[in-house]
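Engineer: Structural data only, the sequence is not supplied:
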């Protein structure tokens, strides 16, 4: 049985576990670790009964020692956007305001994980995931570290494009690159539906292309804030995506998702189409971009490098 550890017991963890115990065939053992152990115990017991109704998956609470040898460790713990004050649409820093508090928490969590499994495979989900992944790599260089990157942004992008063109999101081939944040790059030039360029299809529909691009970009950029304003936390979409990433890694499926891994050419973690497998990022498939998109991606990398340094400074490394 595959083993997946999750550090954190909040809303995103709950949504992730709900997706992992769905009758998909993976049926993992899921170990929940949380600073408040009683919360992990309660969440694990609740999901034990849910799993009994849906699959052969098992869910239990544990400590860091129980994560040794896990196929994957997911980290969702930390201050969320609502509690951390990252819901101001006028603040271009976005999720980056959460870096100091969550970097300090990561210094402790990665330190404890490193003691029991210095070569663990880790998926960082806590916001902002890219600089926190950079911090995890700095703290534990022998670990395989990925962040959830721009996977949820990509799904939101595909959905919004599909809405504009009247087709399901599953029929849209489009990707968001760079930071999971305000500097994300929407790769319009490579977006396709049925083999046709999305920009051409928008033009043929009689709509103003620039207006549609702005509308889609704004909807995706502030989607998390809209969700938080309604239900208090962005959880179900990212939970489903994290479960898909986890399954791709643990099952060695070679699925392609826009996770972030460390790129030497950018000197930071960048969300890019990535072939996923047991060893983490098997291959990066960086798309061909226009000069303008390339410039925006370079700027996103610069912003991320600055964010990484804020995380390093906050953690004292």
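Structural biologist: That came through fine. Please read these numbers as outputs of a predicted model, since none were measured by experiment. Numbers count the residues shown, from 1 in each chain.
Engineer: Show the contacting residues for the closest residue to residue 97 other than its chain neighbours.
Structural biologist: Leaving out its chain neighbours, the residue that sits closest to residue 97 by Cβ to Cβ, 6 or more residues apart in numbering is residue 86, at 5.1 Å. To be clear about C-beta, it is placed using only N, CA and C from the backbone, and glycine gets the same treatment. For residue 86, the contacting residues are 93, 94, 95, 96, 97, 98, 127, by Cβ atoms under 8 Å, 6 or more residues apart in numbering.
Engineer: Report the buried members of those residues.
Structural biologist: For the contacts of residue 86, a neighbour count by 16 or more other Cβ atoms under 10 Å gives the buried set as 94, 95, 96, 97, 98, 127.
Engineer: Let me know the secondary structure of the third one.
Structural biologist: The local conformation at residue 96, judged by DSSP: H, G, I helix; E, B strand; the rest coil, is helix.
Engineer: Look up how far residue 88 lies from it.
Structural biologist: Taken as Cβ to Cβ, to the nearest Å, the spacing of residue 96 relative to residue 88 amounts to 12 Å.
Engineer: Make sure residue 113 is actually in contact with residue 119.
Structural biologist: No: in this structure, residue 113 is not within contact of residue 119 by Cβ atoms under 8 Å, at 10.6 Å.
Engineer: which residues in the chain form helices?
Structural biologist: With DSSP state H, the ranges of helices along the chain come out as 11-20, 37-54, 99-116, 129-139, 151-165, 198-204, 209-221, 223-231, 236-250, 291-315.
Engineer: okay, the ones you listed, which one's buried deepest?
Structural biologist: Greatest average neighbour count among these goes to helix 129-139 (a mean of 27), per mean count of other Cβ atoms under 10 Å.
Engineer: And for it, what's in contact with it?
Structural biologist: Helix 129-139 is touched from outside by 75, 78, 96, 99, 102-103, 106-107, 110-111, 114, 122, 124, 126, 143, 145-149, 179-181, 260, 262, 268-271, 304, 307-308, 310-312, 315, 317, with contacts defined as Cβ under 8 Å, 6+ apart.
Engineer: ok, back up a step: could you tell me which residues touch both of residue 113 and residue 119?
Structural biologist: With contacts taken as Cβ under 8 Å, 6+ apart, the residues that reach both residue 113 and residue 119 are residue 143.
Engineer: Surely residue 85 touches residue 96?
Structural biologist: No: Residue 85 is beyond contact range of residue 96, at 11.5 Å (criterion: Cβ under 8 Å).
Engineer: picking up where we left off before, and the helices of the chain as a markdown table, adding mean pLDDT and distance to residue 282?
Structural biologist: Formatted as a markdown table, the entries for these read as follows, by pLDDT from 0 to 100; distance: least, Cβ to Cβ, whole Å:
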| stretch | mean pLDDT | distance to residue 282 |
| --- | --- | --- |
| helix 11-20 | 97 | 21 |
| helix 37-54 | 97 | 29 |
| helix 99-116 | 97 | 23 |
| helix 129-139 | 98 | 17 |
| helix 151-165 | 98 | 16 |
| helix 198-204 | 97 | 28 |
| helix 209-221 | 97 | 27 |
| helix 223-231 | 91 | 29 |
| helix 236-250 | 97 | 10 |
| helix 291-315 | 98 | 21 |
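Engineer: Which among these is found nearest to residue 185?
Structural biologist: When the helices of the chain are compared by Cβ to Cβ, helix 291-315 sits nearest residue 185, at 4.6 Å.
Engineer: Need the residues that contact the closest one.
Structural biologist: So helix 291-315 is in contact with 96, 99-101, 103-104, 106-107, 128, 130-132, 134-135, 138-139, 177-179, 181, 183-185, 187-189, 266-270, 289, going by Cβ under 8 Å, 6+ apart.
Engineer: what distance separates stretch 210-224 from the middle of the whole chain?
Structural biologist: In terms of Cα atoms, centre = their mean, to the nearest Å, the centre of stretch 210-224 is found 19 Å from the chain centre.
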